[in-house]
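Engineer: my questions concern the predicted model and sequence given below.
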Amino acid sequence: MLLEIKNLNIFFRNYLYIEDLNFFVNKGEIFSIVGESGSGKTLTGLATINLLPDHFSATGKVLFKSKNLLELDLTEIRKIRGKEISYIFQDPSASLNPVLKVGDQVSEIFIYHLGLSKKEAEKKVNEIFQKLKIPHVIKSYPHQLSGGMKQRVMIAIAVALQPEIIIADEPTTAVDVTVQEEILDLLFLITKNENKSLILITHDINILGEYADRVMVMYAGRVMEIAKVESIFKDALHPYTKALVECVPNRGKIKGIPGQIPNLKDLPSGCVFNPRCKYKLTICDKEKPPLKSLSSQHFVRCFLH
């Protein structure tokens with residue numbers, strides 16, 4: 001076990017957004033967090049590296065190499081970010097500095113974390129860009145690159161120091177389907193060939209079968225189900241997970257989920273999914289279901305099990 005999240009709660013001012021989050025990531029594993037927009041996936045990823053936005057706070061534990069990352073001061077956590085745990089943000093256009101060449105932005109990592117000279121850092125950058133097959137963009141500014149190429153630069157930044165864990169937050173949101181596959185293949189190969197761990201955050205359950213080892217399904221800031229990817233597609237237990245799987249296009253047909261995800265400031269009583277659940281029981285309106293362990297690899301939060 002490389003990373004363990006224990007009893008994580010995330011608050012926005014006095015509102016409880018993410019409740020009682022518990023999961024772990026093994027070395028060499030691709031662990032995916034999936035759910036609709038507004039389910040709390042990004043907040044979970046940001047909390048993992050203690051990078052929550054202003055007015056957000058977290059309690060619980062994020063254990064990495066026996067350290068609780070939530071308790072580290074800014075100097076200590078900066079030594080870990082980028083070097084041992086890296087983060088690929090959703091929008092590369094907003095993440096890259098528009099007035100610096102992309103090669104120089106990658107160089108900064110080596111200068112800051114390893115104390116290399118500018119010349120030594122440039123050599124390292126050349127090696128990475130050659131490895132990612134994008135050496136021609138080293139001297140480019142972000143605005144000169146396509147969305148897919150910017151995301152490859154973000155991947156170069158993420159893998160520069162060979163971190164133990166890469167967190168990829170919707171890494172293919174701004175690119176077309178062809179480029180999406182290329183980027184996911186690249187992340188998959190880096191993870192598996194170098195025995196690194198990847199936390200893949202996505203709303204697209206369709207891509208998980210090819211890339212993920214285990215999946216955590218989130219809804220309205222709560223974990224609905226955790227299981228191996230095979231179980232998610234063949235034997236999903238939670239009604240929400242089943243509904244997500246049914247959303248995968250089949251012979252040109254798409255089956256949507258009625259209703260909308262609730263505002264995290266105004267959640268329904270009982271099970272947060274009960275207003276949209278076609279299997280709802282009387283108890284679902286009144287009580288919150290606990291996350292049950294059905295096996296060492298399968299957990300579900302539902303009164304049906």
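Structural biologist: Yep, it's here.
Engineer: quick one: buried residues of the helix or strand where residue 179 lies?
Structural biologist: For residue 179, the enclosing helix or strand under DSSP states H and E is helix 177-193. Within helix 177-193, the residues that qualify as buried are 179-180, 183-184, 186-188, 190-191, counting by 16 or more other Cβ atoms under 10 Å. Using the backbone N, CA and C atoms, a C-beta is placed for each residue, glycine as well.
Engineer: ditto for stretch 235-251
Structural biologist: Within stretch 235-251, the residues that qualify as buried are 236-245, 247, counting by 16+ other Cβ under 10 Å.
Engineer: over to stretch 62-79?
Structural biologist: Under 16+ other Cβ under 10 Å, the buried positions of stretch 62-79 are 62-64, 69-70, 72, 77.
Engineer: just after the helix holding residue 179, pick out the following helix or strand.
Structural biologist: Trace forward from helix 177-193 with DSSP H and E and the next one is strand 197-202.
Engineer: so after that next one, what's the next helix or strand?
Structural biologist: Next along the chain after strand 197-202, taking DSSP H and E as the criterion, comes helix 208-211.
Engineer: any idea how far that next one is from the chain center?
Structural biologist: On the basis of Cα atoms, centre = their mean, to the nearest Å, the separation between the geometric centre of helix 208-211 and that of its chain is 14 Å.
Engineer: for that helix, enumerate the helices and strands it packs against.
Structural biologist: Other elements packing on helix 208-211 under the criterion 3 or more Cβ pairs under 8 Å, 6 or more residues apart in numbering; DSSP states H and E are strand 30-34, helix 177-193, strand 197-202, helix 229-234.
Engineer: direction-wise, compare the one helix or strand residue 223 maps to with strand 30-34 and give the angle.
Structural biologist: With elements delineated by DSSP H and E, residue 223 resides in strand 222-228, which encompasses its position. Angle of strand 222-228 versus strand 30-34, following axes from the mean of the first three to the mean of the last three Cα atoms, to 10 degrees, is 150 degrees.
Engineer: for residue 52, find the nearest of the helices and strands packed on helix 208-211.
Structural biologist: For residue 52, the closest of these is strand 197-202, at 14.9 Å, according to Cβ to Cβ.
Engineer: quick one: end-to-end length of stretch 108-123, please.
Structural biologist: The first and last residues of stretch 108-123 sit 12 Å apart, counting by Cα to Cα, to the nearest Å.
Engineer: now do stretch 274-286
Structural biologist: For stretch 274-286, the first and last residues are 10 Å from each other (Cα to Cα).
Engineer: can you give me the strands for the stretch 51-200 of the chain?
Structural biologist: Listed from the start of the chain, the stretch 51-200 of the chain has strands (DSSP state E, counting those that start in this stretch) covering 56-64, 67-68, 85-88, 165-169, 197-202.
Engineer: as CSV, the ones you listed with distance to residue 8 would be great.
Structural biologist: Putting the strands of the stretch 51-200 of the chain into CSV (distance: least, Cβ to Cβ, whole Å) gives the following:
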stretch, distance to residue 8
strand 56-64, 4
strand 67-68, 11
strand 85-88, 15
strand 165-169, 15
strand 197-202, 14
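Engineer: can I get those in TSV with mean pLDDT?
Structural biologist: Rendered in TSV, the data for these read as follows (pLDDT from 0 to 100):
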stretch	mean pLDDT
strand 56-64	97
strand 67-68	96
strand 85-88	96
strand 165-169	96
strand 197-202	97
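Engineer: residue 86 touches residue 155, doesn't it?
Structural biologist: No: with contact defined as Cβ atoms under 8 Å, residue 86 and residue 155 do not form a contacting pair (9.4 Å).
Engineer: how much space between the spatially most central residue of the chain and residue 170?
Structural biologist: The geometric centre of the chain, computed from its C-alpha atoms, lies nearest to residue 201 (Cα atoms, centre = their mean), at 3.0 Å. Remark: distance between residue 201 and residue 170 (Cβ to Cβ, to the nearest Å) = 6 Å.
Engineer: between those two, which contacts overlap?
Structural biologist: Any residue near both residue 201 and residue 170 by Cβ atoms under 8 Å, 6 or more residues apart in numbering counts here, and that gives residue 42.
Engineer: show me where the stretch 1-150 of the chain has its helices.
Structural biologist: Residue ranges of the helices in the stretch 1-150 of the chain, as given by DSSP state H, counting those that start in this stretch, are 41-48, 74-80, 92-95, 102-114, 118-131, 147-159.
Engineer: before I go, just wanted to say thanks for your time.
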